[in-house]
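Undergrad: Sequence first, then the predicted structure, then my questions.
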Amino acid sequence: MKLITHNMLTSKCLKGVMTGYPLAINATDIKVTEVDFNPEFITRVIPKLDWEVLWAAANSIGHGEGLPKTLEPKFEENEDLLKKVHKVLLEVEVEEGNLTCPESGRQFPISKGIPNMLLTEAEVQ
Amino acid sequence: MSAVMKLKTLQGHLEDLNGFAEPKIKYEQYETPAHLAATALYTIQTQFESIENCTVLDAGCGPGIWSIGAALLGASVVTAVDIDEDALEVFKENVDEMELTNIDAVQCDFLDSRVCKWEGYFDTVLMNPPFGTKNNTGIDMKFLRMGTLLSSDSVYSLHKSSTRGHIAKKVKDWGMKGSVIAEMKFHLPSTYRFHKQHSMDIAVDIWRVYHPH
């Protein structure tokens, strides 16, 4: 699971859960793979992200170094920053671990890099 | 408009992928033929530029033929979703064998997109939805509708040609625009034991359904 994916995941399907966001990450295995750097893509995707959630998620798994807590205006002109964002969004992957719903504490396992967000019928709203 | 890879090369790569280990009838797991997927993806890129440098969602990815084809044609990042753990295992093998690193998968029910803050997020949504059996009519339309909600631009989806009129009406009802961009034959080998014939050809349409800008 890449952090770009984590930035979008919620547990609000769970019965009684209002927002279910962000999910806390507990990672037992992390890998870093190389992905081609495309500054235009990163610039285009940043406005779609919840920046604070990305920042906190990266820090919670020990890959937040050099990532500013708030995004500067004109971030698109800062290539160093775009490279850092590229790395945390696309290259850092949680292979094993789990995600935890901030409201209910329900855990979702991450196995072989794939988070399992399926719920049982009894858990659904 | 161009593509980063020749159609023949793309099809060659897609032919090498592993298929479902044991297809499950409850999810209507039929493999999308490599020829069909390659031709469709190539058309989607060369005619509409909806792959290269795009964020792509593969809804109901199965072994991942759309995801892998889209990544090979230069998608920025591909997100794949499937409900079935076994399908995702084959998916993972295929992605690893192709050494593609810009594909990420989530196991969830695509029809319950509340799991994700994905509304209007993807440039392009690709799908070969379940056609819908007697017990499950209309699931193809539910997939298509969800695809339109998660895309900011276009959904490309495979449907039986016999449903063309129905889809055209629905697309209009949703305030979307759409047209059939290719008619193809879907060659179905007899995947399941209840199939009487050895195999059959089904006429399918590739729909492009898009937000009017």
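TA: Thanks, I have the structure now.
Undergrad: ok, the closest residue to B:Leu73 other than its chain neighbours - contacts?
TA: Among residues not flanking B:Leu73 along the chain, B:Ile51 sits closest, at 4.5 Å (CB to CB, 6 or more residues apart in numbering or on different chains). For the C-beta atoms, the positions are set from N, CA and C on the backbone; glycine is no exception. Contacts for B:Ile51 (CB atoms under 8 Å, 6 or more residues apart in numbering or on different chains) come out as B:Ala3, B:Leu41, B:Ile44, B:Gln45, B:Ala70, B:Leu73, B:Gly74, B:Ala75, B:Thr124.
Undergrad: among those residues, who's most crowded?
TA: B:Ala70 (31 neighbours; other CB atoms under 10 Å in any protein chain shown).
Undergrad: right, and the secondary structure at that one would be what?
TA: helix (DSSP: H, G, I helix; E, B strand; the rest coil).
Undergrad: which stretches of the chain form strands?
TA: Using chain A here. A:24-32, A:92-100, A:107-111, A:114-115 (DSSP state E).
Undergrad: wrong one, I was asking about chain B
TA: Under DSSP E, chain B gives strands at B:55-59, B:77-82, B:103-107, B:122-127, B:151-160, B:177-189, B:199-210.
Undergrad: Centre of the chain to the second one, how far?
TA: The offset between the C-alpha centroid of strand B:77-82 and the centroid of the whole chain comes to 11 Å, using CA atoms, centre = their mean, to the nearest Å.
Undergrad: Can you tell me the strand partners of that strand and which way each runs?
TA: strand B:55-59 (parallel), strand B:103-107 (parallel) (DSSP bridges).
Undergrad: how far is the last one from where the chain is centred?
TA: Pointing back at strand B:103-107 there. Relative to its parent chain, strand B:103-107 has a centroid offset of 14 Å by CA atoms, centre = their mean.
Undergrad: by how many degrees do that strand and strand A:92-100 diverge?
TA: Angle of strand B:103-107 versus strand A:92-100, following axes from the mean of the first three to the mean of the last three CA atoms, to 10 degrees, is 10 degrees.
Undergrad: neighbouring contacts of strand B:103-107?
TA: A:1-2, A:4-5, A:9, A:93, A:113-118, B:61, B:64, B:67-68, B:71, B:77-85, B:88, B:91-92, B:95, B:115-116.
Undergrad: Filter the residues you listed down to just the buried residues.
TA: Listed as buried from the contacts of strand B:103-107 are A:1-2, A:4-5, A:9, A:93, A:113-118, B:61, B:64, B:67-68, B:71, B:77-84, B:88, B:91-92, B:95, B:115-116; burial here means 16 or more other CB atoms under 10 Å in any protein chain shown.
Undergrad: burial measure for A:Gly105, as a count.
TA: So A:Gly105, with other CB under 10 Å, has 9 neighbours.
Undergrad: what's the answer for B:Ser162, then?
TA: B:Ser162: 12 neighbours (other CB under 10 Å).
Undergrad: B:Ala203 now?
TA: Per other CB under 10 Å, the neighbour tally for B:Ala203 reads 12.
Undergrad: For it, which non-adjacent residue is spatially closest?
TA: B:Ser161 (4.0 Å).
Undergrad: what pLDDT does that neighbour get?
TA: B:Ser161 carries a pLDDT score of 94 in this model.
Undergrad: Next up, the contacts around B:Phe186.
TA: Per CB under 8 Å, 6+ apart, neighbours of B:Phe186: B:Pro33, B:Leu36, B:Leu158, B:Asp201, B:Ile202, B:Ala203, B:Val204.
Undergrad: could you flag which of the residues you listed are buried?
TA: Buried among the contacts of B:Phe186 (16+ other CB under 10 Å): B:Pro33, B:Leu36, B:Leu158, B:Val204.
Undergrad: Please convert these to a markdown table, extending it with distance to B:Glu99 and pLDDT.
TA: Below are these laid out as a markdown table (distance: CB to CB, whole Å; pLDDT from 0 to 100):
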| residue | distance to B:Glu99 | pLDDT |
| --- | --- | --- |
| B:Pro33 | 23 | 87 |
| B:Leu36 | 24 | 92 |
| B:Leu158 | 27 | 94 |
| B:Val204 | 31 | 92 |
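Undergrad: Closest one to chain A out of those, please.
TA: Using CB to the nearest CB, B:Leu158 comes nearest to chain A of these, at 24.2 Å.
Undergrad: just the helices in the chain please.
TA: No chain in the question, so chain A it is. A:3-6, A:39-45, A:51-60, A:79-86 (DSSP state H).
Undergrad: could you do chain B instead?
TA: Using DSSP H, helices in chain B cover B:7-15, B:34-48, B:65-72, B:85-97, B:139-150, B:164-173.
Undergrad: Which strands or helices does the first one pack on?
TA: Counting contacts by 3 or more CB pairs under 8 Å, 6 or more residues apart in numbering or on different chains; DSSP states H and E, helix B:7-15 packs against helix B:34-48, helix B:65-72.
Undergrad: And it, how far out from the chain middle?
TA: 16 Å.
Undergrad: So which bits of it are buried?
TA: B:Leu7, B:Leu10, B:Gln11, B:His13, B:Leu14.
Undergrad: ok, of these, which one's closest to A:Ser104?
TA: Distance to A:Ser104 across the buried residues of helix B:7-15 (CB to CB) is lowest for B:Leu14, with 41.1 Å.
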